[in-house]
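Peer 1: the following block contains a protein sequence and its predicted model.
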Amino acid sequence: MAHPELREVEHGITVEAPAAAVYRLIAEVENWPRIFPPTLHVDHVERGADEERIRIWATAGGEAKSWTSRRTLDAEKLRITFRQEVSAPPVAAMGGAWIIEPLSGTASRIRLLHDYRAIDDDPKGLKWIDEAVDRNSRSELAALKTNIELAHATEELTFSFEDSVRIEGSAKDAFDFINEAGRWAERLPHVASVRFAEDTPGLQVLEMDTRAKDGSVHTTKSYRVAFPHQKIVYKQITLPALMTLHTGCWTFTEDEGGVTASSQHTVVLNTANIARVLGSGASVADAREYVRGALRTNSRATLGHAKHYAESTR
């Protein structure tokens with residue numbers, strides 16, 4: 001009987017940052033959607049001192065997929081090993097390790113190891129995995145290098161905020177309004193058109209044209225992960241000019257008196273476009289206020305319509 005074909009690959013990059021700082025960033029999976037372009041969302045399933053189970057939602061080969069992994073963290077050796085517990089086709093099995101090697105007090109080498117095989121050792125499946133692992137590894141390492149080396153600069157450029165509304169209704173009805181984004185063009189005045197797909201339950205692709213206050217129309221595309229009837233997390237992959245990152249989360253918290261619906265945003269500004277969009281004299285503070293105002297206007301409008309829908313439905 002033939003042995004399954006196991007592929008082993010390694011990618012690496014050098015960063016101008018202490019090894020311990022790099023290790024901490026990789027170990028804190030809650031920040032992965034902000035650090036790694038392919039990652040949409042990560043949840044802890046189980047968590048111990050040195051071992052954990054996590055579920056990851058990410059794009060691979062232009063498709064959104066999810067899987068569960070076990071990780072072992074070794075802070076002393078600066079090594080994190082991982083093994084997919086439940087892989088997504090065409091992957092039959094996948095594992096690997098992050099290894100951080102100090103080069104000096106201010107520089108380090110990141111090695112990212114993968115081993116994997118395809119379902120039924122299918123050559124086409126293996127080729128798909130080869131390409132996805134190579135593309136994602138390169139983008140992850142490049143993004144990690146950027147985020148580590150610009151850590152101090154991005155503190156000023158990264159910000160989060162949240163808006164909430166109280167609803168005299170059920171979490172299910174409020175959730176349904178946000179979840180049924182395919183109907184937003186008919187339900188929300190600021191949405192001009194929508195392209196919505198949910199081939200896998202709870203894993204959504206949302207592309208929409210949104211009207212701004214000045215009448216201009218902006219196109220954005222997001223991947224969304226829905227958890228009925230508690231929250232919907234998302235990550236924009238087609239962004240307006242003033243942002244290099246936009247992630248968010250809709251949450252629905254029910255109690256005896258009704259439900260609190262909230263919209264949370266995390267943004268990283270694109271300083272290269274501030275002058276072009278806002279004028280030569282505009283500052284980072286101006287861009288932050290502009291982006292916050294635009295996102296907040298749409299979020300509050302959407303929450304208001306969700307409130308009306310839920311209260312009229314009950």
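Peer 2: Noted; the coordinates are in hand.
Peer 1: so this protein: which segments form each domain?
Peer 2: Domain ranges of the chain: 7-149, 155-313, per automatic domain parsing.
Peer 1: mind putting those into TSV with mean neighbour count and mean pLDDT?
Peer 2: Backbone N, C-alpha and C define where each C-beta goes, glycine included. Listed next are the domains of the chain as TSV, based on neighbours: other Cβ atoms under 10 Å; pLDDT from 0 to 100:
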stretch	mean neighbour count	mean pLDDT
domain 7-149	17	91
domain 155-313	17	94
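Peer 1: got the contact list for stretch 35-51?
Peer 2: Outside stretch 35-51, the residues that touch it by Cβ atoms under 8 Å, 6 or more residues apart in numbering are 25, 29-30, 32-33, 52-60, 64, 68, 70-74, 136, 139-140, 143-144, 147, 223, 225, 233-235.
Peer 1: give me the subset of those lying in strands.
Peer 2: Among these, the members falling in strands (DSSP state E) are 52-60, 64, 68, 70-74, 223, 225, 233-235.
Peer 1: ok, Trp234 touching Arg224?
Peer 2: If you look again at residue 234, you'll see it is Tyr, not Trp. Yes: using Cβ atoms under 8 Å, Tyr234 is in contact with Arg224, at 4.2 Å.
Peer 1: now do the shared contacts for those two.
Peer 2: Common neighbours of Tyr234 and Arg224 (Cβ under 8 Å, 6+ apart) are Leu206.
Peer 1: what are the boundaries of the strands in the protein?
Peer 2: Using DSSP E, the strands of the chain run over 7-15, 39-47, 51-60, 63-74, 79-86, 91-102, 108-118, 158-167, 191-200, 203-211, 217-227, 231-238, 243-255, 258-269.
Peer 1: out of these, flag the one nearest Tyr309.
Peer 2: Comparison of those against Tyr309 by Cβ to Cβ identifies strand 158-167 as nearest, at 9.2 Å.
Peer 1: can you list contacts of the closest one?
Peer 2: Strand 158-167 has contacts (Cβ under 8 Å, 6+ apart) with 34, 174, 245, 258-269, 288, 292, 296, 299-300, 303-304, 306-307, 310-311.
Peer 1: 7 Å instead?
Peer 2: Under the contact criterion Cβ atoms under 7 Å, 6 or more residues apart in numbering, strand 158-167 has outside partners 174, 258-268, 288, 292, 296, 299-300, 303-304, 307, 310-311.
Peer 1: center of this protein - which residue?
Peer 2: Geometric centre of the chain, nearest residue: Leu40, 2.8 Å, by Cα atoms, centre = their mean.
Peer 1: show me the contacts for the closest residue to it other than its chain neighbours.
Peer 2: Leaving aside its sequence neighbours, Leu40 sits nearest to Trp57 (Cβ to Cβ, 6 or more residues apart in numbering; 4.3 Å). Going by Cβ under 7 Å, 6+ apart, Trp57 touches 40-41, 64, 66, 225.
Peer 1: against Ile237, how distant is Trp57?
Peer 2: Distance, Trp57 to Ile237, by Cβ to Cβ, to the nearest Å: 13 Å.
Peer 1: again with Arg83
Peer 2: Taking Cβ to Cβ, one finds Arg83 at 28 Å from Ile237.
Peer 1: repeat for Ile54
Peer 2: Here the criterion is Cβ to Cβ. By it, Ile54 lies 22 Å from Ile237.
Peer 1: repeat that for His190.
Peer 2: From His190 to Ile237 the distance is 21 Å (Cβ to Cβ).
Peer 1: ok, Ala75 next?
Peer 2: Using Cβ to Cβ, one obtains 33 Å as the distance from Ala75 to Ile237.
Peer 1: how far does stretch 244-261 sit from its chain's centre?
Peer 2: Put simply, stretch 244-261 sits 17 Å off its chain's centre (Cα atoms, centre = their mean, to the nearest Å).
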